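K.L.:
Could you look at this predicted model? Sequence included:
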Amino acid sequence: MLWLLALLPAAGGAALWASGVRARRPLGLAAALVLAATAALAGLAAAGGWTGAVAWSGTLQLTAALPPMAAAVALTVPVVALAIAVHAAAHEAADGLARLVGLLLVFVGGMQLVVIAGDLLTLLIGWEIIGACSWALIGHHWREEAAPAAGRYAFVATRLGDLGMFVAAMAAYAGAGAFSYAALSGLPSPYLEVCAFGLVLSAAAKSGQVPFSPWLFRAMAGPTSVSALLHAAALVAAGAYILARLEPTLAAAGAAPAVLAIGLLTALAGGVVGLLQMHGKKLLAASTSAHYGLMFVAVGAGYPGVAILHLIAHAGFKATLFLAVGIAGERAGSFDLDRMGYGRALPLVAAASALGALALAGVPPLGGAWTKEKVVAAAGHAAPWLAVATILAGGLSAAYAAKLQFLAFGRHGPAAADRPAAGERAGLALLAALTLALSLLWLPPVNRWAAAALGAELPPGKAWELVASLAIIALGVFAGWAFARRGASAPGAADWLGLPALIDRTAGAGVPALARAAARLDDRLFDALPRLAGRAGQRIAAGLAEADGRAVDAGVRGTARLSERLARAGDRFGEAASDGLVTVPAALAGQAGRAARRLQTGMSHHYYALGAAGLAAMILVLVLGGL
Amino acid sequence: MLTLAILAPLAGALGLALWRETGETAARTAAAAVAALPLALLALVWLGFDTAPGAPTFQAVEELPWIPSLDVAWRLGVDGVSLPIAAMSALLFLGAILWPVETDGRARQYFAWLLFLEGVSLGLFLVLDLLLFYVFFDLSLVGMYFLIGRWGHGAAQQAALKFFVYTLAGSLAILLGILGLVLAGAGPLSFDMRVLIERQPLEGAGIAAPLVLLAFVVGFAVKTPLVPVHTWLPPAHVDAPGPASAILAGVLLKMGGYGLIRIPLSMMQETFARYALAIGVLALVSILWGALVALAQTNLKRRIAYTSVNHMGYTVLGIATAGALTAGAGQEAARQLALTGAVVEMVAHGLITGALFLIAGGFWTRTQDYDLDGYGGLAGRAPKLAAATMLAAFASFGLPALAGFVAEFQIFAGTFAVFPWLAAIGVVGLLVTAALFLRMIQKLFFGPLPETHRDFADLGRRESLVMVGLLFFVVLIGVWPTWLLAVIDHGAAVIVAGR
C-alpha cells in the first residue's frame, strides 16, 4: 500500500506528459490534484502505519516503511511540490510544458520512494531515479547547447556519489546478508564503516556539499521551477534526509564527526560564495549548499530530528525565494541582481520574498530562525567552538539573504512590470503562508509537539548562543546591505571559490585525455597481436604452399579450393588466415588423433556417420554461401 | 520441442535458400514466421519449467543416440541458465529479422543466413552434448562471417575475416579443452555434459587441469570478449549491418559467457576456484578498459561496441565470483547472487545492446554516417527514436527500474562479499558508462539540428514494433524481475552448490 505514495505521482506525471496538454490552467490543476492526493495519502499512511514489501527474489527484498521522520518529509515534499508545480504551469515557457510538469511529478514520485525506502536496495532505486529526473529537468531546454550539458554534469557528479550508495549496499550484504536498514545496526566491522562512509559520500554529492557543490551551480541552467523543487524538496534534500534517517548507523560507525566537518565547511564556504554572487539563482544555490551543510552539522552532532525540522523550514523559504527570484529574473530577462530592483513594480512578490529572506537570514519569529537556532544548539552540544562556527555561518546566511532582498526587490528598479499570473501568485502565496505558519515553532507547546511527533530529541539551547546569534545576524544584515550597495565583486571567488575550475582542469580534462590515450593504445597495442599473428601466418603459409605442391592428395586439394574461395574474398591478411584454416586444423587433427587413441573404437560406421554429418553441414554452408 | 526449436530455423534457412522466386517482403515474412516458432516453443518450455527446490536441474530433456561408443548423442535440455539466454536469443532474432535493412537485392540469402544463425545459436544454448556444443560454436562463426562479409559496409570483408579467424583461433583452444576434459578421468568415455558435471574429470589431475582451464578461458575470452583479445569486435560491429551487429552483441557474445558457466565453472570447479581471482581481475580490466575506451570513441557503433566489452566484463566478474570456493558459510549465497546477476546481465545486455545496435543500424540506413559529431537536435525530428535510444542507453548504464540495474546490482553485491576490492573498483565502470551514454544522447538528440538532417525520418511502424518488443522486457525485468530470477536462481543454486 505504501508504494502508492511513490507510484501515484509517478504515474500521474507520466500520464500528464503523455497527454501533451498545452493549456496552462488544466495542466496546473491536474498536477495540483495529483500532489494533493499524494499528500493526503501520506497523511493516511502515517496515521494507518502502512508498510510495503515486494520480493524480487529470495535475496532482493524491497521494503517500505514510514517512521515519524519519514512521514514528516513525505508530507512536506508533495505540499511544497504542489505550490511549485502550480507555479511552473503558469510561469515556464509553453514549449514542452506538459513534459516539464509531468517530469516534476515523476521526480516527486522518485523522492517519495527515497523517503519511504526501508532498505538500501529500494533506496538506491529511488536515489538513482531522482538523479535521472534531475538530468531530464535541468536539460529541459534541450535545443540549447548549455542546458543538456549542465544536466549531464549534474547527473555524473551525483552518480559519482551514488557509487558510495552502491558500495554501502554491497557492504551491507557482505556483512549481514541483507539490505534492510534493520540489518545495518548489526554489521560487523569493517562493513559497518564502509557502509556508513559510502552513505556519507552519496549524501554529500546529492546535497551539494564540498567538494560536490559546483554541480548545483551548473544546474541553474534549468528552469527556475526545477531549481526550486530540486533545492527545496527533492534531489538535494535527499542527501540530508537519508543521513538523518540512518543517523544511528553513522554514529555507530564513527562517521558522525566527518558528517559534521563536511557540513560546517560547506556552510561557511557556501555562505562566502553566496555573499559574493551577483547571479540571483546562483546565490540561492550557494545558500542551498550552506543550509544543507547546517543539516549535516545537526546530524553529525547527533540530532537528526533537528536536521529534519530545518529541512522542512528550508523547503518552505527556499522554494519561496526561488519562485520570487524566478519571476523577477523573467521580467528582467536575466538573473543578474544588478538589473532587478522590483520592489515597486511587484510589491506582493517582494513581500513574499521578504518573508523568505527573513527566514533564510534566521530572523525571529520565523520558523527558519528557530530551526537554525536548534542547529546552533546541537553544534554547541558537541563543542562550544562548533556553536560559534555555526553562528558565523548563520551570520553569512543573514548577509546574503539581505543582499538578495535589497538588490532583487529594492525600490530602485523599474516602476512597473507584468503582473504575475494567477498560478504564479498562488504558488508563491502557498509557500509564503507555509513559511509564515512555521513561525509557530517558536511557541514551546508547538515545538514540543513537533519534537514528539518526530520522535526527536531537541538539544537544550544556551542563552549566550541565542544572544550571540542574534547579534551576528544583525551584523550580517548590515553587511548584506553594504554588499548590495557595493555591487559586483570578486567574480572568480564567487564561482564557488574556484572549485569548478579546479575540477574542470583536473577530472574534467584528465578523464577524456586518459580515455583518448587508452583508445589509441587499444588500436595500436592490443590489435598488434592479431596483426602480427596474421603476418607470421602468411609467411608460414607461403612455405607450406610449396610443400603442398609436392605432397598432394585429392582431399587436401579439395579443401584448398575452398580456401581459395575464401582467400579471393579476403585481402592480404585474409589469405594467410584462410590458409591457416586448412593447415592448422589438419596438424591439430593429426596431433589429436595420435593423442586420443581412445577415440579409435574400430567401429567404422560411426566414423561414416560423423563424416556424413560433417559433409551435410558443409553442403548446407556451401549452398547458402554460394548463392 | 527443443529439437523443433533448433531444426525449424535450419529448415527455414534451407527452404529460403532453395526457394528461387521470391521478393524481399515474402522472404522477410516467411523468415519472421519461422523465427516466431522457436520463440513460442521456448515460451512453452518456460511455462512448464519447474523451479521448485527439488526439481531436476535439466528439464525438457530430449535424447537420441548417435555414436554410442563415444557416448555422443543428440541431447537437448534447459536449465535455469540456458533457458533465459535461449529465449532472449529467439526474441532478438525475431527482432533482427523484422528490422528493415538494405539487402542489396539478395534478401532471400540474407534471411536464410539469419535463420541458419538462429538455428545454430539456439542449438549451442540448448545442447547437453559437448561435441555438438563445439559443432554449433563453429557453425555460428560461419553464419556471422557471411552476414558481415556480404551485407556489411566499409571494409566489411576484412572485418568479417578478422572476426572469423580470431574467434576460430579461440574455438580451437576450446576444442583442445574439450578433448582434454573428455579424455581425462576414469570411467567410460562420454560427451554428455551432465555426466561430465557429475564426474568432474580433472579433479586432482595435476598440471593438465590448469592447462585445460587455460584453453577454455582463452577460447571463451576471445568470444566474450575480454581485454586484451577483444580487438576483433569493433571492426566487426562497425562494418556489419545493424541486425547482424545486434545478433553479434546480443547472442554470439553470450556464447562466451554461457560457455564459461557451462563448461569450466560447472565441470572443473576445483581448478576454476583456484584461478577464480585471476579471472576476476581479467574481468575487472575489461570493465574499466572497455568503459574508458568507449568514452573516447566518436563513432556511434564503436562506442556501443566497446560498452559490450565493459558489460561482458561484469558478466565474467559475476562468473568468477560464483566459482570462488571460499570457506565462509554465508558466501554460498553471495556466489549464487553473483551468478544470477551474471546470467541476468547476459539477458539484459542481449536485449539492451541488441536494441542499441538496431538503432545504430537505423541511423546508418538513414544517413550512412556513424560520426556522432555530425548529429544533433534529433529529439524534435525523431521523438520515437530518441525515446527508444534513451531508454536503452539508460538501461545500459544500469539505471534502476530497467534491466541492467537488476543484473549489475546483484553482480556487485555478490562479488563484494567474495572479492571486495574487485567490486569496489569495478563500480567505477558504472560512472564512466553513465557519462559516455549521456554524452552520446546529448550529441545525437540535443542542441541545434544540423541543416543536413532536416528530413531525418522517425522510427517506422516495423521499427517501432521491434523496439517496443525488446524494450518492454527491459522495463519488465527492471520493475518486476521475479519471474526471471526464479528460473535463474534455480539453475545458479545447483551450479554454486556443486554436484
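P.N.:
Cool, the structure landed. Predicted model only: the values in this text are computed from it and were never measured.

K.L.:
average pLDDT for stretch B:333-345?
P.N.:
Throughout stretch B:333-345, pLDDT has a mean value of 95.

K.L.:
Give me the distance from that stretch to the chain's centre.
P.N.:
Its chain's C-alpha centre and that of stretch B:333-345 lie 16 Å apart, by Cα atoms, centre = their mean, to the nearest Å.

K.L.:
same thing with stretch A:79-88?
P.N.:
Its chain's C-alpha centre and that of stretch A:79-88 lie 20 Å apart, by Cα atoms, centre = their mean.

K.L.:
quick one: contacts of it?
P.N.:
A:9, A:28, A:31-32, A:35-36, A:39, A:97, A:100-101, A:104-105, A:107-108, A:223, A:225-226, A:228-229, A:232-234, A:315-316, A:319, A:323, A:423-424, A:426-428, A:430-431, A:434 (Cβ atoms under 8 Å, 6 or more residues apart in numbering or on different chains). To be clear about C-beta, it is placed using only N, CA and C from the backbone, and glycine gets the same treatment.

K.L.:
if you set the cut-off to 7 Å instead, what comes out?
P.N.:
If you take Cβ atoms under 7 Å, 6 or more residues apart in numbering or on different chains as the criterion, stretch A:79-88 is touched by A:28, A:31-32, A:35-36, A:39, A:100-101, A:104-105, A:108, A:225, A:228-229, A:232-233, A:315-316, A:319, A:323, A:423-424, A:426-428, A:430-431.

K.L.:
Tell me the buried residues within these.
P.N.:
Among the contacts of stretch A:79-88, those buried by neighbour count (16 or more other Cβ atoms under 10 Å in any protein chain shown) are A:28, A:31-32, A:35, A:39, A:100-101, A:104-105, A:108, A:225, A:228-229, A:232-233, A:315-316, A:319, A:323, A:423-424, A:426-428, A:430-431.

K.L.:
so who does the residue positioned nearest the centre of chain A touch?
P.N.:
Centroid-nearest residue in chain A: residue A:131, 3.5 Å away (criterion: Cα atoms, centre = their mean). By Cβ under 7 Å, 6+ apart, the contact set of residue A:131 is A:155, A:158, A:159, A:162.

K.L.:
Out of the residues you listed, flag the one nearest to chain B.
P.N.:
Nearest to chain B among the contacts of residue A:131, counting by Cβ to the nearest Cβ, is residue A:159 at 5.1 Å.

K.L.:
and the closest one, which of the three is it?
P.N.:
helix (DSSP: H, G, I helix; E, B strand; the rest coil).

K.L.:
Ok, residue B:61 next?
P.N.:
Relying on three-state DSSP, one would call residue B:61 strand.

K.L.:
how many neighbours does the nearest residue to it once chain neighbours are set aside have?
P.N.:
Using Cβ to Cβ, 6 or more residues apart in numbering or on different chains and skipping residues adjacent in sequence, the residue nearest residue B:61 is residue B:77, 3.8 Å away. Residue crowding around residue B:77 was assessed by other Cβ atoms under 10 Å in any protein chain shown; the count is 22.

K.L.:
thinking again about what came up before, inside helices: which ones of the buried ones among the contacts of stretch A:79-88?
P.N.:
Judged by DSSP state H, the buried ones among the contacts of stretch A:79-88 include A:28, A:31-32, A:35, A:39, A:100-101, A:104-105, A:108, A:225, A:228-229, A:232, A:315-316, A:319, A:323, A:423-424, A:426-428, A:430-431 as members of helices.

K.L.:
Could you work out the end-to-end span of stretch A:375-388 for me?
P.N.:
The first residue of stretch A:375-388 is 11 Å away from its last residue (Cα to Cα, to the nearest Å).

K.L.:
Report the mean confidence score over it.
P.N.:
In this model, stretch A:375-388 has a mean pLDDT of 94.

K.L.:
How far away from the center of its chain is that stretch?
P.N.:
For stretch A:375-388, the distance to the chain centre is 30 Å (Cα atoms, centre = their mean).

K.L.:
what's the residue in the stretch 301-450 of chain A positioned nearest to chain B sitting at in phi/psi?
P.N.:
Closest contact between the stretch 301-450 of chain A and chain B, by Cβ to the nearest Cβ, is at residue A:333 (21.7 Å). Dihedral pair for residue A:333: phi 80, psi 10, per degrees, to the nearest 10.

K.L.:
Against which helices or strands is the helix or strand harbouring the residue nearest to residue B:61 packed?
P.N.:
Here residue B:77 is covered by strand B:72-78, with elements defined by DSSP states H and E. Applying 3 or more Cβ pairs under 7 Å, 6 or more residues apart in numbering or on different chains; DSSP states H and E, we find strand B:72-78 packed against strand B:59-67.

K.L.:
For the strand it packs on, which strands pair with it and how are they oriented?
P.N.:
Sheet pairing for strand B:59-67, assigned by DSSP bridges, gives strand B:72-78 (antiparallel).

K.L.:
Kindly state the pLDDT recorded for residue A:488?
P.N.:
Per-residue confidence (pLDDT) for residue A:488: 62.

K.L.:
How about the one 3 residues further on?
P.N.:
Reading off the per-residue confidence, residue A:491 sits at a pLDDT of 72.

K.L.:
So which residues on the stretch 51-200 of chain A come close to chain B?
P.N.:
Listed as neighbours of chain B in the stretch 51-200 of chain A under the rule Cβ under 7 Å from any Cβ of the partner chain: A:55-59, A:124-125, A:128-129, A:132, A:139, A:142-143, A:145, A:148-149, A:152, A:155-156, A:159-160, A:163, A:166-167, A:169-171, A:173-174, A:177.

K.L.:
Those residues in strands, which ones?
P.N.:
residue A:55 (DSSP state E).

K.L.:
Buried subset of the residues of the stretch 51-200 of chain A next to chain B, written for PyMOL?
P.N.:
The buried residues among those can be selected in PyMOL (16+ other Cβ under 10 Å) with this line:
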select buried, chain A and resi 56+57+59+124+125+128+129+132+139+142+143+148+149+152+155+156+159+160+163+166+167+169+170+171+173+174
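
K.L.:
Tell me which of the residues of the stretch 51-200 of chain A next to chain B fall in helices.
P.N.:
Going by DSSP H, the helices hold A:124-125, A:128-129, A:132, A:148-149, A:152, A:155-156, A:159-160, A:163, A:166-167, A:169-171, A:173-174 from those.

K.L.:
Residue A:136: neighbouring residues, count only.
P.N.:
Neighbours of residue A:136 under the rule other Cβ under 10 Å: 20.

K.L.:
and what of the one 5 residues further on?
P.N.:
Taking other Cβ under 10 Å as the neighbour definition, residue A:141 ends up with a count of 20.

K.L.:
Does it touch residue A:148 like I think?
P.N.:
No: using Cβ atoms under 7 Å, residue A:141 is not in contact with residue A:148; the gap is 8.4 Å.

K.L.:
quick one: the residue nearest to the centre of chain A from residue A:151, how far?
P.N.:
10 Å (Cβ to Cβ, to the nearest Å).

K.L.:
what do you get for residue B:87?
P.N.:
For residue B:87 relative to residue A:151 (Cβ to Cβ), the value is 36 Å.

K.L.:
Please look at residue B:99 and residue B:464 and confirm they touch.
P.N.:
No: between residue B:99 and residue B:464 there is no contact under Cβ under 7 Å: 11.0 Å.

K.L.:
Pick out whichever of the two has more residues nearby.
P.N.:
Ranked by neighbour count (other Cβ under 10 Å), residue B:99 and residue B:464 place residue B:99 first, with 24 against 15.
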